[in-house]
Structures are given as C-alpha cells and as structure tokens.
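In: I'll drop the sequence and a predicted model, then ask my questions.
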Amino acid sequence: MKKLLLSLTICCAAYTAQAQDLIQNIPANSSAVVTIKGSNVTELFSIKEFENSKIGKEMLRELTRESDGDLTSLTDLGIDFNANAYYFLQAEKGVFSNYFAIPLRSKSGFDSLIKKNNSSTEKIKTDGDITYLQDNYDGITVAWNDSMLVVVISEDTNEDDDYGYYNYSDAVEVEEVVEAAADAVEEAVEVVEVEEVEEAEETIEVVEVEEVEIEETVIESTEDAAYSNEDYYQKREERYKREREEREAKRIAKTQKIKVLNLQKAKAFIHGDHSSNNILRNKSYVASLGKQNFEAHAWAGDFMNLYQELVLTRGFTNTFGMYNVEELYRNSSVSSTLDFTKTSAVLNIDYTMSDAMAKHAKAMYDGKMNKDFFKYFNEDKMLGYMSVNASTEGLLTEYPKLMKSMFANSSNNEMATLVPLGADVLSIFLDEEAIGELVRGDMLFVVNDIAKKQVTYTTYDYDEDYNRIPIEKTKEEVVPDFIFMATSNGESIFNKLMAIAIKENEMTVDNGIYKFNTPRSVPVNVYAMHNKGVLFFGTSKDQLLAIRNGSFKGGVSSEHKKNISKNTSAAYVNGKNIISQIPVNELPREFKRKINFLTSNTEDLLITTGKLKGNKSSSQVILNTPEEGHKNGLAYFINFIDAFVD
C-alpha cells in the first residue's frame, strides 16, 4: 500500500497546475519548494496518453488490483490534474518536515482506495472535514479533504535513535569474570605447591589429607566461578531485555510525538493557517520564478538556516565552528526550472551566492578564451568538447584570500592563526602573474573520433618444466582521438621540460612534435607541442604537424564559438555520432532493439555555465530531441522509458 501511495503521489504530482492554488498554503519560511505545473504537463502529454504507455499501464494494473476493480483510471482517483502540485521542506528547531501537496477534484476515489487497503497499523480517522491516517511505526501522516491531499513526513534530529544492541562494557565484564575464575584456580594450585613444600618432611598420611583438602578447594573454587558465570549471563540477558524494552518504549514515544506533530502540520496546511504569510511573500522564492513558462520548478533558499538546523542541532558546533560558513554562504540560494519544448528538454539552474563568495568567483573565472583554438578542430568530425574559461592568475590570487576568509574568526585559535599565515606565505612564494603567463587558464578539449585499434600485449604460459614463457598477443580496443589546447606564453619553459624528459628517455621528438614513451599496453600514442602561444596535447601526430605547418583546415559554427567563448565552462556531446560508433551487430539480440532506438532517437547534449552576473551564476543543460516520432521533449522521455522497459 505504501509503495502504491508513493507511486501515485509522484505520478499525480507530475500531472498537476491551477484551480485552488495550494501555494497560498505554503509557509513563507519554507527552506525548499518544488512545483509541478500540471496544466503545462498535460498539454504536452495527456493522462490518456500516459495510461497507454508501459509505465502507465503497469500503474493502472496496480491501481485496479489495490482497489478491487473500483478504480480503473488515474482520473478515478479524483486528482485535479489542472492544479499545481507541490513538495516543500520546513526546518524548524531541528525538526525537518517534508510535505507533498496534491489538489483534489473529489475525495471519493481516494477514500475508496484507502478503505480497500486499510490495515491494523493504518487506521482511518476523521476530524471535521479532514480524513487522515497515520503509520504507527514512523508517524507518516496522510490527510485530505474535498479539495486537497497532503502527506507529511517529519524527522526530529534532536532525538537520536539508539539501535545499538551491543554494550562494549560486556566484553570487559566477561574478561573480568573469566580472569577471576582462572585466578581462583591458580591460587588454589599455588596453595598446593606451597603446602607440599612446607609439609614435605611430615608423614605420608598427613600429606594425603592435605592433598584431599586441596582438591576440594580447587573444585569448590571452580564451582564458585562457574556459578558466578551463570549468574552473570542471566543478569546480562535480563539487562538486554530491559534495554530492548526501554528502546522500544522510546521509539513508541518518539513516534507518537511525531504523529501528533505531523497531524498538526497537515491540519495547518489544509486549513490555510499560513495563507497570510505564505511563500509568495518570500522575495528570494518569487525572484526565482521568472516568466513561469516551465513544467517544473525547484527552489532552495537560505542555506545558512538549513546549515544551522542540520549541522548545529546535531552537535557539530565544535567541528564546524572553525569555518566562517556564514560569511561565505549568507543569503545564498539555488533554483532550477525544467522546460520541455517541441525539440528539446531544458534544465536551467541559477545559484545566487553571497557577496564574499561572488567577489572571489568573479576573479577566478575572469578568463578570455583564445579564438585561435577554433582554427584547430573541425566541427563536422568531432564527437564532443569540453572547455574551461578561467583565470590562473585570478585563481592563485583569490584562493589564499578565500582560505583566509574561511578561517577568519574561527573558534579554533590554532586554525585561525595558522591558515591565514599559510595563505600569506603561499602568496609570497607564488608569482601569480608569471604562472598565469605559463598557463593562462583558458582550455579546450576536443574528441574527434572513437576508433578501434589493435593492441599488442604480453601474457604468460608455462612449459613442461614449469618455466614461465612470455607470449605476445593482440586485442582490439576502442580508443579516443583527441586534442587538448591551452593558452601559454611559456614556450621556453616547455622546451626545457621536454629536453629533460628526452634525456630521461621519457619522450622522443620529431619535427618539433614530442611523443610520450608509453608502455605497449597503452593503446594510444600521445603527442605534445608548443606553437604560436598554444600548448597542445593530442593523439594525432598528423593533426599537430598540419597545425604547425599551417595547413590544417578547421571549421566551427558561430553557435559553438559562442558557447565556448561566452561561458566559463561548456560541454557538448554529439549523441548521434557517438551512438553510430556502437557495433550493433556484435551486441546480444536483447540489446539490439534498445540500441536501435538510441541510434534513431539520439540528438546532441549541451551543458554551459555562464559568467557571473552580479551574484548569480547560471547553468543550462539542453538535450535536443528528434521531432520524428515524438511530438515534444516530454513525449520523448516517456517513449524512451517504454523502449527500455521490458
């Protein structure tokens, strides 16, 4: 039943936007909010279309079975699929409460489902217009009325769960009892030895009497030790039983407290107790909404509040007090939106940082991409690229400052003294400007191809005399063809380093192209050169020679130039070209259909992180989707799941 409720909550949340908007009931001090705009979702992919998908059919089968045939469609649940659904988190005084809120058209369908599945541990109760049930183990509360349903799951971090059953003092106690028994026997034996020596000159009769007494002493001591052991184990088992009962009583008391708390929170939400001070009065949240042309939106604000609730309430103040967290993360927040278009799925992520962190980040990523890079690769032949547009000088300058600010006013006096001192010493010894000339900070890595290559390797066998015999074999491996570029004005230093490597037999040189002497087991050769202010590493000697000779013909579209130049980082994957490299005929039959789907339905992926604007860093993930066979990006994902679900 729990699994079905969770599945329905997630599914229905994904299909719900605007009648009575439940956002008015979400408190302004919420730490995180997730919104699903159902009307936008159902416009892209209807409930009927979803029910005809594999995952939808499986959900309907489960729904029909759980309701004994009373419910045969998702619409029978009474969910209002044209109203916003929400998840939000509240963190107050060490208590973390997770809410899932779904609007209803009618509660009759949900009533029917719950009553069909009611058990002894989940009793349905009614309080006015609110119906609810609570789990007796963890206090999860599900409450609903005619217009909404809310699930509340809380955790009180102020009360630690004690599930330990082993008391380490037991081992010490057992050892003490065993040692005591051993000592008793040993003392008895020593008495025997001493008395035998002292009475050595007495009569045989007296000696025999003494021996009998000694034997009795040993037996009595051993019996006393055994009795002591039995008594100890009995007391230990009684203590274990008592501790288990105490733990269970604590768990029940804690669960009862959580049940009361969850029910109060559920009722407060349904009754709209927070409507006068709801999340729409939170400036950070409202600023993150933008034009609201999305299917899903997520926001997490006030990192410091979450930090204080999650860390400080758990008693980590001594550990984390050494870091100046508040200075670095004050007023920080993150938000994201998910939008499906006819030909793509777009994820936007915005991170708003503190003034102090923004100051460091701007200097670190104040780079300028070398436009000459675009001359050295061909868009038509590439499988993908990754670029970084940073400032080495800025990184080396700001990192010590960042470390100093992290430990300023630290509660650990030693760290507060040593870390800033170390940062200052580092700044003195580093020549940031000179190192920045050596490697400026703008870099580009391009994968041109993925090819099969025969690799020779050595294995071993044994002759009749068990002598190991080396045997050379070959195998086929898939290796990348890549080129890496970085702006550098340190050609003289590069040449000196290469000269040392050649002397140590680590490299060879030919026409200004240096080759790493890699083991035969490494399936790819790697070359290096420094040419016209650019440091190159690559797998194709011919490409590097062509670049050196000025005969290489590059070709890159303005779109890729913009993505690489205007962002602090960019990553691009030509999915269609990569998938085409997979040897489908060599795969097992059960995989061929799935790979064929990918071959026909995979487009490119682009991930970018823009330069800071004010205190905001914006990232974007764009997955392009094929138009043929998929009416939009959401339909593509549903079809993708269908293709891979057996």
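Out: Looks like it came in fine.
In: remind me which residues of the stretch 51-200 of the chain are low pLDDT?
Out: 117-122, 159-200 (pLDDT under 70).
In: got a list of what the residue lying closest to Leu289 once chain neighbours are set aside touches?
Out: Counting by Cβ to Cβ, 6 or more residues apart in numbering, His297 is the residue found nearest to Leu289 once chain neighbours are left out, at 6.8 Å. Just so you know, the C-beta spots here come from the backbone N, C-alpha and C atoms, and that holds for glycine as well. Contact partners of His297, counting by Cβ atoms under 8 Å, 6 or more residues apart in numbering, are 33-35, 37, 288-289, 335-338.
In: What's opposite His297 in the beta bridge?
Out: Thr35, Thr337 (DSSP bridges).
In: what does the model give it for pLDDT?
Out: pLDDT, His297: 96.
In: ok, now the one 5 residues further on?
Out: Model confidence at Asp302, expressed as pLDDT, equals 77.
In: May I have the residues that are in contact with it?
Out: Counting by Cβ under 8 Å, 6+ apart, Asp302 has contacts 31, 284, 331, 333.
In: least confident pick among the residues you listed?
Out: Asn331 (83).
In: Any idea how far stretch 629-646 is from the middle of the chain?
Out: 25 Å (Cα atoms, centre = their mean, to the nearest Å).
In: Let me fix that, I meant to ask about stretch 277-297.
Out: 25 Å.
In: And the residue nearest to Leu289, how far from Val142?
Out: The gap separating His297 from Val142 is 25 Å, by Cβ to Cβ, to the nearest Å.
In: residues touching Thr456, list them.
Out: 472-474, 520.
In: Okay, now the unreliable bits of this protein?
Out: Using pLDDT under 70, the chain drops low at 1-20, 117-122, 159-228, 311-324, 408-436, 583-588, 590, 646.
In: Repeat the analysis, applying 50 as the threshold.
Out: Low-confidence segments of the chain (pLDDT under 50): 1-19, 120-121, 163-174, 177-178, 185, 188-189, 191-198, 200-209, 211-212, 318-319.
In: Pop the domain breakdown of it in here.
Out: 2-158+263-319, 168-251, 372-389+444-565, 396-439 (automatic domain parsing).
In: So which of these is nearest Lys631?
Out: domain 2-158+263-319 (7.9 Å; Cβ to Cβ).
In: Helices of the stretch 151-300 of the chain, start to end?
Out: Assigned by DSSP state H, counting those that start in this stretch, the stretch 151-300 of the chain shows helices spanning 168-198, 204-271, 283-289.
In: List of residues touching the shortest one?
Out: If I follow you right, that is helix 283-289. Residues contacting helix 283-289 (Cβ under 8 Å, 6+ apart): 33, 279-280, 297, 299, 301-302, 331, 333, 335, 350, 352.
In: For that helix, could you pull out the residues that count as buried?
Out: 284-285, 288 (16 or more other Cβ atoms under 10 Å).
In: would you list those residues in TSV and tack on distance to Ser108?
Out: Listed next are these as TSV, based on distance: Cβ to Cβ, whole Å:
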residue	distance to Ser108
Ser284	39
Tyr285	34
Ser288	37
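In: all strands of the stretch 1-150 of the chain, in order?
Out: Using DSSP state E, counting those that start in this stretch, the strands of the stretch 1-150 of the chain run over 32-36, 85-92, 95-103, 124-127, 130-134, 141-144, 148-156.
In: How many residues are close by the closest residue to Ser106 other than its chain neighbours?
Out: Excluding the flanking residues, the one nearest Ser106 by Cβ to Cβ, 6+ apart is Gly78, at 4.0 Å. Neighbour count of Gly78, defined by other Cβ atoms under 10 Å: 22.
In: same check, this time on the one 3 residues further on
Out: Neighbours of Phe81 under the rule other Cβ under 10 Å: 23.
In: can I assume it is in contact with Thr42?
Out: Yes: the pair Phe81 / Thr42 is scored as a contact, 5.7 Å apart, by Cβ atoms under 8 Å.
In: who's in contact with Glu506?
Out: So Glu506 contacts 516-517 (Cβ under 8 Å, 6+ apart).
In: distance of it from Thr518?
Out: Taking Cβ to Cβ, one finds Glu506 at 10 Å from Thr518.
In: just Val34 next, same as before
Out: 49 Å.
In: ok so, going back, sitting in strands, which of the contacts of Thr456 do you find?
Out: Mapping these onto strands (DSSP state E) picks out 472-474.
In: out of the residues you listed, who's nearest Asn596?
Out: For the ones in strands among the contacts of Thr456, the closest approach to Asn596 (Cβ to Cβ) belongs to Thr474, at 30.6 Å.
In: mind listing what that closest one touches?
Out: With contact set as Cβ under 8 Å, 6+ apart, Thr474 has these partners: 454-457.
In: can you pull up the bridge partners for it?
Out: Thr456.
In: Helices of the stretch 451-600 of the chain, start to end?
Out: 491-503, 541-549, 558-565, 575-579, 589-601.
In: what's the last one packed up against?
Out: Yep, that's helix 589-601 we're talking about. helix 575-579, helix 633-644 (3 or more Cβ pairs under 8 Å, 6 or more residues apart in numbering; DSSP states H and E).
In: Go through the ones you listed and name the closest to Phe374.
Out: Once the helices and strands packed on helix 589-601 are compared by Cβ to Cβ, helix 575-579 is nearest, at 19.2 Å.
In: Any buried residues in that closest one, and which?
Out: 575-579.
In: Could you do stretch 248-258 as well?
Out: Buried, per 16+ other Cβ under 10 Å, within stretch 248-258: 251, 254-255, 258.
In: same thing with stretch 141-156?
Out: Neighbour-count burial for stretch 141-156 [16+ other Cβ under 10 Å]: 141-145, 147-154, 156.
In: again, but for stretch 445-456
Out: 445-448, 455.
In: Among those residues, which one lies nearest to Lys54?
Out: Val447 (34.3 Å).
In: how far out from the middle of the chain is the helix or strand hosting that closest one?
Out: Per DSSP states H and E, Val447 falls inside strand 442-462. Put simply, strand 442-462 sits 31 Å off its chain's centre (Cα atoms, centre = their mean).
In: picking that back up, which residue of Val34 and Thr518 possesses the greater neighbour count?
Out: For Val34 and Thr518, the more surrounded residue by other Cβ under 10 Å is Val34, and the numbers stand at 17 against 12.
In: quick one: that one from Leu133, how far?
Out: 24 Å.
In: what's the answer for Thr599, then?
Out: Distance from Thr599 to Leu133, by Cβ to Cβ: 49 Å.
In: which of those two has more neighbours?
Out: More neighbours surround Leu133 than the other of Thr599 and Leu133, with 20 against 14 (other Cβ under 10 Å).
In: Tell me what that one is bridged to.
Out: Beta-bridge partners, per DSSP bridges, of Leu133: Ile124, Val142.
In: roughly how far apart are it and Val151?
Out: Relative to Val151, and taking Cβ to Cβ, Leu133 is found at 11 Å.
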